[in-house]
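*Asks:* Sequence first, then the predicted structure:
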Amino acid sequence: MASAVVLAVKFVYTAVILFGALGLFGHFSPANILITSAVLAVLLYAIGDLWVLPNYGVWSATVVDVLLVGLIIWATELILIGLGVPILNLAAALGVIAAAEHLFHLYLSKADLQQ
């Protein structure tokens, strides 16, 4: 049950951030943003929260997640619409998601919900 809650929270804040960074300023469709958010939430949870966070700590998990976010946003938007993401939009999304992921990792490590 804790995994479902963590995934849901991660999906919601990722979607909100991407709607702000890509939807408002990048003219990406809501469907593409929701698909990208779902892919991000699942992969960041599986790699960052379940593997890196317990084994290497909060900062390492944040760095890995930021690298994954950049790669995943670029790849999914390239696959879905055939165009790359403008660098300013990608930088804005990465910056805000990095802060959100770091705070979320701190919460998970204190609450011990990452299992």
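*Replies:* Structure received.
*Asks:* only C-alpha atoms for contact and neighbour calcs from this point on.
*Replies:* Noted.
*Asks:* W59 is in contact with H102, isn't it?
*Replies:* Yes - counting by C-alpha atoms under 8 Å, W59 does reach H102; the two are 7.3 Å apart.
*Asks:* can you pull out the helices in this protein?
*Replies:* Ranges of helices in the chain, per DSSP state H, are 2-18, 25-26, 30-43, 53-56, 58-81, 87-111.
*Asks:* Using CSV, write out every CA atom in the fifth one.
*Replies:* Provided in CSV are the C-alpha atoms of helix 58-81 (Å, rounded to 0.1, in the frame of the first residue of the first chain):
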residue,chain,number,x,y,z
VAL,A,58,19.6,11.0,-0.4
TRP,A,59,22.1,13.1,-2.4
SER,A,60,23.0,10.2,-4.7
ALA,A,61,19.3,9.4,-5.3
THR,A,62,18.7,13.0,-6.2
VAL,A,63,21.5,13.2,-8.7
VAL,A,64,20.5,9.9,-10.3
ASP,A,65,16.9,11.1,-10.5
VAL,A,66,17.9,14.4,-12.1
LEU,A,67,19.9,12.6,-14.8
LEU,A,68,17.1,10.2,-15.4
VAL,A,69,14.5,13.0,-15.6
GLY,A,70,16.6,14.8,-18.3
LEU,A,71,17.0,11.6,-20.3
ILE,A,72,13.4,10.4,-19.9
ILE,A,73,11.8,13.8,-20.8
TRP,A,74,14.0,14.1,-23.8
ALA,A,75,13.5,10.5,-25.0
THR,A,76,9.7,10.4,-24.4
GLU,A,77,9.0,13.7,-26.1
LEU,A,78,11.3,12.8,-29.0
ILE,A,79,9.4,9.5,-29.4
LEU,A,80,5.9,11.1,-28.9
ILE,A,81,6.2,14.2,-31.0
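*Asks:* Tell me which residues touch the spatially most central residue of the chain, please.
*Replies:* Nearest to the geometric centre of the chain sits L40, at 4.7 Å (C-alpha atoms, centre = their mean). If you count contacts by C-alpha atoms under 8 Å, 6 or more residues apart in numbering, L40 has them with F11, T14, V69, I72, I73.
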